[in-house]
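>>> Please find the sequence and the predicted model below.
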2 protein chains.
Amino acid sequence: MLPRLLSFGNLPPYERQLLEQALRRKVRTIGPHKDIIRERDKPRVANFMLDGWAMRYKQLSDGRRQILSFFLPGDICDANVFLLDEMDHSIGAITHVTYAEVSHADFEALAQAPEIGACLAFRNLVTMAIQREWTTNIGQRSAYERLAHLFCETFHRMRAIGQIRDDGFSFPLTQTDLADATGMTSVHGNRTLQRLRCEGLLELKSRRIVVRDLERLTQVAQFTPNYLHAYGAVKQAAPEIS
Amino acid sequence: MLPRLLSFGNLPPYERQLLEQALRRKVRTIGPHKDIIRERDKPRVANFMLDGWAMRYKQLSDGRRQILSFFLPGDICDANVFLLDEMDHSIGAITHVTYAEVSHADFEALAQAPEIGACLAFRNLVTMAIQREWTTNIGQRSAYERLAHLFCETFHRMRAIGQIRDDGFSFPLTQTDLADATGMTSVHGNRTLQRLRCEGLLELKSRRIVVRDLERLTQVAQFTPNYLHAYGAVKQAAPEIS
DNA sequence: CGTGCCGTTGACGATATTCAAGTGCAGTGG
DNA sequence: CCACTGCACTTGAATATCGTCAACGGCACG
């Protein structure tokens, strides 16, 4: 019923029911390339990702765009966001996306529940840690290392939600998206990607990534997964389908 | 008594007392270039900045360093950080720093108090927004725009805590720090800084910045302060000295 | 069978890094 | 008082990385 990360581990029955009810109240679907919420909008609800990929991004007035993070199933878009007068960034769907809108009142109730509240706070810390790692990635690493790092991170996150099959996973971004996420132009992204391919680190074709050599990829990226803090605390396992 | 941003606006007497007690319990001082906490340490307390500048940073194994954010008086280093097994970044003092260590128990009590709890959550959102802006800054802007942006942001933050005098403020970073914060080499930082100076946008000499043309600086940086969400909701005013 | 988006390529120029050397200044100790 | 030291800042030249512009091919979709 719930995507893996939204299961929040073993909740007491009362909390589990609270969570499921909150997530059932208002489920929405949106098509790719549509915005879930835009910069300057007044935030009204917290969004819990149920299925599909979305992204957080900012756009400068001259058109430059920075993708700030990706939302995978089970992620929470903006905990506590009600406290803000207006959004300082946008959230857009990459694929078809299903998400649950959680009202301010419902969110408060979830945050008050001891287990769920702690999980929400923990998730928030992980989200912040990932954002910091992206800053480091873009600030310090070369284009080549940067892409390698993003693929390592995504691999680990996808594994945590049981989405790895044969060392590969679905990766619905265009090369332009990839470039905007790593702070390079799409032309340079394309060339850098080719280098990753021809050095035998990975394949990327028709929206699917296969990691050919995780060890070397990790080395190139100087990737250390500690900042994910055992993201979801779930190792590779069958996804929760019920 | 409390630095401006830690005043949390108008608190009911009970909460104000709670806050002051929590901040009085353990006040520490540390010299410049010392670490307050290091990556891989187990976090035990939340640190509330009382005086001086500190920074959050990450170091790669080959020595490259990314400065992730600055802590000014009144900032909170790591709310909720107890939930993490270990630190994924370090916090270092830039100047002499005075800070209050808040225990897990005390922090919980603060977070439970309605007004303070909301303030803490709000501050956390602003911290995240700043981190996102840094990602955007480093990812999309040129070196020249990037430095301009950092100075704009710092100007606004310093103004919010009443630290602007004659369009200038104390700025204790070396050029190497500045470069590590904006993802460039110190040599390039130096040259870029010279350009900012000779175009009449600002002066930077002996650890003090004077903004000569805020309007043009804002333009160059494409700076929009919306992401600060009226950081502290305090306009320029005399600092709270009591 | 067009149309549009995505990926790819080449040539060129701009931006940023590297390496190395030198200046200025503050603090230290003789 | 002055040499000595260390650090921050500055400069130049050579190089590497990355961006811009423009064009073309493939493929899906209508």
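Nice, I can see it.
>>> neighbours of residue A:111, just the number please.
18 (other C-beta atoms under 10 Å in any protein chain shown). Every C-beta, even on glycine, is put in place using the N, C-alpha and C of the backbone.
>>> so where's chain A shaky on pLDDT?
Counting by pLDDT under 70, chain A contains low-confidence ranges at A:1-7, A:232-242.
>>> Where do the strands of it begin and end?
Under the criterion DSSP state E, strands of chain A are mapped to A:27-30, A:35-37, A:45-51, A:54-59, A:65-71, A:90-93, A:97-103, A:168-170, A:202-205, A:208-211.
>>> Relative to DNA strand C, which of the ones you listed is closest?
strand A:202-205 (7.9 Å; C-beta to the nearest atom of the strand).
>>> For that closest one, give me every contacting residue.
For strand A:202-205, contacts defined as C-beta atoms under 8 Å, 6 or more residues apart in numbering or on different chains pick out A:151, A:168, A:171, A:193, A:196, A:197, A:209, A:210, A:211, A:212, A:213, A:217.
>>> Recalculate using a threshold of 6 Å.
A:196, A:210, A:211, A:212 (C-beta atoms under 6 Å, 6 or more residues apart in numbering or on different chains).
>>> quick one, what contacts residue A:13?
Contacts of residue A:13 (C-beta under 6 Å, 6+ apart): none.
>>> now do residue A:11
Residue A:11 touches residue A:115, counting by C-beta under 6 Å, 6+ apart.
>>> now the one 4 residues further on
Residues touching residue A:15, when contacts are defined by C-beta under 6 Å, 6+ apart, comprise A:113, A:115, A:116.
>>> I'd like to know which elements the top helix by length along chain A is packed against.
Counting by DSSP state H, the longest helix found in chain A is helix A:114-140. Where contact means 3 or more C-beta pairs under 6 Å, 6 or more residues apart in numbering or on different chains; DSSP states H and E, helix A:114-140 is packed against helix A:13-24, helix A:104-112, strand B:65-71, helix B:114-140.
>>> Could you identify the most distant pair in the contacts of strand A:202-205?
A:196 and A:210 (11.8 Å; C-beta to C-beta).
>>> ok so, going back, which one of the contacts of residue A:15 is nearest DNA strand C?
residue A:116 (37.5 Å).
>>> So what's the residue count around the closest one?
21.
>>> so it touches residue A:107, yeah?
No: using C-beta atoms under 6 Å, residue A:116 is not in contact with residue A:107; the gap is 10.2 Å.
>>> Give me the buried entries from the contacts of strand A:202-205.
Neighbour counting with 16 or more other C-beta atoms under 10 Å in any protein chain shown marks A:196, A:211, A:212 as buried within those.
>>> What is the nearest of these to residue A:74?
Taking C-beta to C-beta as the measure, residue A:74 lies nearest residue A:211 of the buried ones among the contacts of strand A:202-205, at 21.1 Å.
>>> what bridges to that closest one?
Assessed by DSSP bridges, residue A:211 has beta-bridge partners residue A:202.
>>> Can I get stretch A:44-56 in PDB, CA atoms only?
What follows is stretch A:44-56, C-alpha atoms only, in PDB (Å, rounded to 0.1, in the frame of the first residue of the first chain):
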ATOM      1  CA  ARG A  44      -0.900  25.100   1.400                       C
ATOM      2  CA  VAL A  45       0.000  21.400   1.800                       C
ATOM      3  CA  ALA A  46       2.900  19.000   2.200                       C
ATOM      4  CA  ASN A  47       3.400  16.600  -0.600                       C
ATOM      5  CA  PHE A  48       4.300  13.000  -0.100                       C
ATOM      6  CA  MET A  49       5.600  11.200  -3.200                       C
ATOM      7  CA  LEU A  50       3.900   8.000  -3.900                       C
ATOM      8  CA  ASP A  51       5.100   7.200  -7.300                       C
ATOM      9  CA  GLY A  52       7.300   8.600 -10.100                       C
ATOM     10  CA  TRP A  53      10.200  11.100 -10.200                       C
ATOM     11  CA  ALA A  54       9.900  14.700  -9.400                       C
ATOM     12  CA  MET A  55      12.500  17.500  -8.900                       C
ATOM     13  CA  ARG A  56      13.100  20.600  -6.900                       C
END
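>>> Tell me which residues touch the residue most central in space within chain A, please.
By C-alpha atoms, centre = their mean, chain A has its centre lying nearest to residue A:71, at 2.8 Å. By C-beta under 6 Å, 6+ apart, the contact set of residue A:71 is A:49, A:54.
>>> What separation is there between it and residue A:145?
24 Å (C-beta to C-beta, to the nearest Å).
>>> related to what we said a few turns ago, format the helices and strands packed on helix A:114-140 as TSV; extra columns: distance to residue B:188.
Converted to TSV, the helices and strands packed on helix A:114-140 look like this (distance: least, C-beta to C-beta, whole Å):
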stretch	distance to residue B:188
helix A:13-24	49
helix A:104-112	45
strand B:65-71	15
helix B:114-140	13
